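Colleague: Here is the input, now give the coordinates:
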Amino acid sequence: MYIPGATALGIVFKDGVVLGADKRFAYGNFLLSRSSKKVFLITNNVGAACAGMISDMQNLIKRVTVEIKLRELEIKRPVPPNSVAKLMSVIMFSERLYPLLTQVIVGGIDERPSVYVLDPLGSIIPDEYATVGSGTEIAIGIIESEYKKGMDEKAATELAIKALKAAMQRDIASGDGIDLLIIKSNENKEQEIKFQ
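Modeller: Numbering: from 1, shown residues only. Below is the predicted model:
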């Protein structure tokens, strides 16, 4: 009852990945913030979208970002998304006795775009699209009915927005706008969509 809800998603498209999440932070039936950020850029080619406790997701992302930047300095090349997801999984598993109350979708591009879903205990599942949070059932229904392999960036972004909007209409813990992160091999861009 007092675990924060949210809706976050990740979708693979032909040239990259789109990650998105709503902006509401509700704790139980109390609305704490209408402008929380749950989508993070970890490296130039990897990002994460989260649902759950804001403090846990922020600390996890900071810790992973530092470790990955140090690793990139060592190996002198970008760390691929699957390695970022594996590191995050190890950290979450090591905290299993006092779990980080967050679900994470890691997405990025190396030789090809990929998305990985992580639960609070560090399970890691690769997929072409995924949703986490209290609005999952609604968002995944939209994505599953409209997702096509090899779709372009515009179609994937529109699908992400449509799925998040549907979740926000029915899930009380999701709402107040959308943050998107689009990662391609040569660029990444963030987009914020506010609703009246």
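Colleague: The closest residue to V90 other than its chain neighbours: which element?
Modeller: Using Cβ to Cβ, 6 or more residues apart in numbering and skipping residues adjacent in sequence, the residue nearest V90 is G122, 6.8 Å away. All C-beta spots, glycine's among them, are computed from the backbone N, C-alpha and C. Counting by DSSP states H and E, no helix or strand carries G122.
Colleague: Tell me, how many residues neighbour N45?
Modeller: Taking other Cβ atoms under 10 Å as the criterion, the count of residues near N45 is 24.
Colleague: would you list every one of the helices in this protein?
Modeller: 54-75, 81-94, 136-146, 153-170 (DSSP state H).
Colleague: and G47, what are its bridge partners?
Modeller: L41, G107 (DSSP bridges).
Colleague: Adjust the sequence numbering to begin at 7 for everything that follows.
Modeller: That works, and once the first residue is 7, the last one we named lands at G53.
Colleague: Please report how far it lies from Y104.
Modeller: G53 is 26 Å from Y104, where distance means Cβ to Cβ, to the nearest Å.
Colleague: out of those two, which sits in the more crowded spot?
Modeller: Neighbours were tallied for G53 and for Y104 using other Cβ under 10 Å; the higher tally belongs to G53 (26 against 6).
Colleague: Verify the stated contact: the residue nearest to V96 with A91.
Modeller: No - counting by Cβ atoms under 8 Å, G128 stays clear of A91, with 10.0 Å between them.
Colleague: got the contact list for the residue minimising distance to the centre of the chain?
Modeller: With distances taken as Cα atoms, centre = their mean, the chain has A55 as the residue nearest its mean C-alpha position (1.6 Å). Residues near A55 by Cβ atoms under 8 Å, 6 or more residues apart in numbering: 14-16, 25-27, 44-46, 110-111, 113, 138, 187.
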